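Peer 1: have a look; sequence and predicted model below, questions after that.
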Amino acid sequence: MGTERDSRPVNQETSPLSRVPAPLERFFRRERRSVPAARDFARRVLAEWGMRGREDDVLLCVSELATNALVHGVPPGRGFLLRMLPYGEGADGGVRVEVHDSGGGVPAVPQAEGDREPAEGGRGLLLVDELADKWGV
């Protein structure tokens with residue numbers, strides 16, 4: 001299903017920054033079960049790092065971004081990469097969530113047109129926009 005990799009530089013064990021957990025990433029194939037697998041991976045990483053304050057927000061963002069990647073950015077035979085990068089320390093620290101796919105499009109939050117709500121599709125990015133402290137491409 002996926003390949004996990006520790007993205008820490010080789011010499012980090014001797015670095016004064018070694019208290020900050022290493023970034024972790026995992027590759028997921030273009031399969032329906034990849035979204036729950038990405039969420040489980042993110043949950044495990046957050047627990048390992050001791051980050052529990054906004055776990056539900058992070059997991060919902062991971063779900064929405066992974067779904068977006070599968071639906072719009074991953075052609076058949078390919079997959080997406082989920083990378084989680086810590087900053088700060090412990091429960092007070094934050095996490096950067098990156099989802100990389102091979103699609104050429106750029107995600108954008110749908111805008112309401114006049115008094116009409118945005119179309120059915122694209123509402124996941126509205127959630128990400130509301131829950132994330134900051135997001136972009």
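Peer 2: Yep, it's here.
Peer 1: can you show me the helices along this protein?
Peer 2: Secondary structure of the chain (DSSP state H): helices at 34-49, 55-68, 123-131.
Peer 1: helix 55-68 and the last one, what's the angle between them?
Peer 2: Using axes from the mean of the first three to the mean of the last three Cα atoms, to 10 degrees, the interaxial angle of helix 123-131 with respect to helix 55-68 works out to 150 degrees.
Peer 1: so what does helix 123-131 touch, helix or strand wise?
Peer 2: If you count contacts as 3 or more Cβ pairs under 8 Å, 6 or more residues apart in numbering; DSSP states H and E, helix 123-131 packs onto helix 55-68. Every C-beta, even on glycine, is put in place using the N, C-alpha and C of the backbone.
Peer 1: average model confidence for the helix it packs on?
Peer 2: Here helix 55-68 scores 94 as its mean pLDDT.
Peer 1: in it, what's buried?
Peer 2: 58, 59, 60, 61, 62, 63, 64, 65, 66, 67, 68 (16 or more other Cβ atoms under 10 Å).
Peer 1: and what of stretch 28-37?
Peer 2: Here stretch 28-37 shows 28, 29, 30, 34, 35, 37 as buried, counting by 16+ other Cβ under 10 Å.
Peer 1: kind regards, and thank you for your time.
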